[in-house]
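[1] coordinates for the following, if possible.
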Amino acid sequence: MACFLAPATAAIITTSIKKKIAPKYHLEWLNTMLWGGVIMLAVEHITHGEVVLYPPFLTAMQNPADIPVMLQEIAIIGGAMTITIIAVWTIMILVANKATKIHEKKIQIVTT
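    You can find the predicted model right below:
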């Protein structure tokens, strides 16, 4: 229904703080992953009629009984997706920074 709202929130936050984070953390990678997932999920939800382009936008908001189910989906499914994206980004950063250190060591050895 609205699971894409959790990664969308994370994407908004990371986009707003990207200038305050050191370049070695490649926050642009995380932003790309988050925004890509949000766009993909929004398109999927629109094609299935779960999101409409007129108020209240989320079809689950039309029936008050569906709102708790929607909030649970945002928390559980959206939260799990956001955590997974952040975990993959963390692994990417660790690998990239490790590879950079190895490459810099090789350059030092060759130049000395």
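
[2] who does the helix or strand that contains L34 touch, helix- and strand-wise?
    Using DSSP states H and E, the element containing L34 is helix 27-47. With contacts defined as 3 or more C-beta pairs under 8 Å, 6 or more residues apart in numbering; DSSP states H and E, helix 27-47 has these neighbours: helix 5-17, helix 79-111. Every C-beta, even on glycine, is put in place using the N, C-alpha and C of the backbone.

[3] excluding sequence neighbours, find me the nearest residue to the residue nearest the centre of the chain.
    Centroid-nearest residue in the chain: L34, 2.4 Å away (criterion: C-alpha atoms, centre = their mean). Nearest residue to L34, sequence neighbours excluded (C-beta to C-beta, 6 or more residues apart in numbering): A11, at 3.7 Å.

[4] which residues touch that neighbour?
    For A11, the contacting residues are N31, L34, W35, V38, by C-beta atoms under 8 Å, 6 or more residues apart in numbering.
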